[in-house]
Each structure stands twice: as structure tokens, then as C-alpha cells.
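In: Please find the sequence and the predicted model below.
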Amino acid sequence: MSGGESMHDAFASKILRPAGQVVLYGAFAAFIGVFSAWPRYHQLRDDQALIKLSFTHPGQLKSDCRRRTPEELAKLAPNMRAPMECARERSPVDVELALDGQVIARRVVPPSGLSKDGASTVYERFVVRAGDHELAVKLSDSVRVTGFNYTKEQRVRLDPGRILIVDFNAEKGGILIQ
């Protein structure tokens, strides 16, 4: 032992410090282990299922394009002389979800973007009882159409814990129930 280091200090630095670290690391690991399994989290009860209404869809253009007259074209700069003038604003998307004849959601979702030219996005979750249900989905993506221009009714079996997705894809036929 050199320079004023006592036998007690050497024992503390070589034995007690690593032992203390082992105890603290063990307590931290036990803390993580306990709270990773307790309290138990249940997303749904045993008699429930989940319906997710989830899609992103740009509504149709709010107004038709129009052909510019030769006089209008002459007033424009040469690089701006597109023969057609089209408004950018899109229609809001109107969606209705009914379960067993009762409407559980009706949303009118405006288009995104500063110029209201982006897509409308819907994401909602509905916890329902498990079992057989009649599901009806209606969607309108144009203010120029009266009523809903897409509809789908389907009998669905929702087993306990099942997640049913209601999506929309115009290229795949419209309303998709998966």
C-alpha cells in the first residue's frame, strides 16, 4: 500500500464498488422484468372485436376544367399558356359506417393542404361485441354527386380479438373490407 491508501480503502475500491454495481444492475433488471409483464394489458376483452376505418383518399376535383379562350391565352405569359384551366381544390370525403343498421360513424373529412388539393385521411377504431354483424359502408368523394357514389354491405363474422379493416382504394373497386 502506497501513499496514504489504507487497507480499508483498497478493500472498498476492489470489492465493494463492483459488488454495489452488481446489486444496482440486478435491481434495475428486476424492475424492468416486473413491469414488462405486470400489470397485464388487454387491448380487447374476451367478448370484443375491433373495426378500424382507415384510408387516405383524394376527393375528386371540386369543379370541372374549362378551356381558355384565345383572348385569355394571349393575356398570359408564354410559359403560362396552358389551354385548360383546372381548379386544384378537391371535394371533401364523406364516409358513413353502420353496424347492424345503426350508424356508428359519419365523418366529412376535408382535403389536406393549403390549397385544399391533398388527400383526406380517416383513421378511427370501434370496439364492438364479437359475433355476426351486418356492416354497411358508404362513401362520397365528390360534391358534384348527390348521395354516396360508393356503397358496400357485407355480413361479417367478428371472432373475439379479431381486427377488421375497412379501407378504400378506387383502383381496387372502392370500399374494401378485410
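Out: That came through, no problem.
In: Now do the residue nearest the centre of the chain against Asp167, distance only.
Out: Per Cα atoms, centre = their mean, the C-alpha nearest to the average position across the chain is that of Tyr123, at 4.4 Å. Distance, Tyr123 to Asp167, using Cβ to Cβ, to the nearest Å: 11 Å. C-beta: built from backbone N, CA, C; applies to glycine.
In: and what of Ile104?
Out: Taking Cβ to Cβ, one finds Ile104 at 17 Å from Asp167.
In: One more: Asp94?
Out: Asp94 is 16 Å from Asp167, by Cβ to Cβ.
In: The two: who's more crowded?
Out: Asp94 (21 against 18; other Cβ atoms under 10 Å).
In: quick one, what contacts the nearest residue to that one once chain neighbours are set aside?
Out: Among residues not flanking Asp94 along the chain, Ser140 sits closest, at 4.3 Å (Cβ to Cβ, 6 or more residues apart in numbering). For Ser140, the contacting residues are 91, 93-95, 147-150, by Cβ atoms under 8 Å, 6 or more residues apart in numbering.
In: could you flag which of those residues are buried?
Out: Buried residues within those, defined by neighbour count using 16 or more other Cβ atoms under 10 Å: 91, 93-95, 150.
In: Return the member of these nearest to Ile32.
Out: Ranked by distance to Ile32 (Cβ to Cβ), the buried ones among the contacts of Ser140 are led by Val95 at 42.7 Å.
In: Enumerate every residue touching the closest one.
Out: Applying Cβ under 8 Å, 6+ apart to Val95 gives the contacts 53, 105-107, 109, 122, 137-140, 168.
In: I'd assumed Val128 was in contact with Ala98.
Out: No - applying Cβ atoms under 8 Å as the test, Ala98 and Val128 come out as separate, 11.9 Å apart.
In: Would you map the helices across this structure?
Out: Along the chain, counting by DSSP state H, helices occupy 7-11, 17-37, 70-75.
In: For those, which has the smallest mean pLDDT value?
Out: The minimum mean pLDDT among the helices of the chain belongs to helix 7-11 (a mean of 66).
In: okay, now the closest residue to Gly161 other than its chain neighbours: neighbour count?
Out: Nearest residue to Gly161, sequence neighbours excluded (Cβ to Cβ, 6+ apart): Leu44, at 5.7 Å. By other Cβ under 10 Å, the residues close to Leu44 number 15.
In: what sits against Leu44?
Out: Taking Cβ under 8 Å, 6+ apart, we find Leu44 in contact with 50, 127, 160-161.
In: Mind splitting the protein into its structural domains?
Out: Segmentation of the chain into domains, based on automatic domain parsing, reads 1-41, 48-62+90-177.
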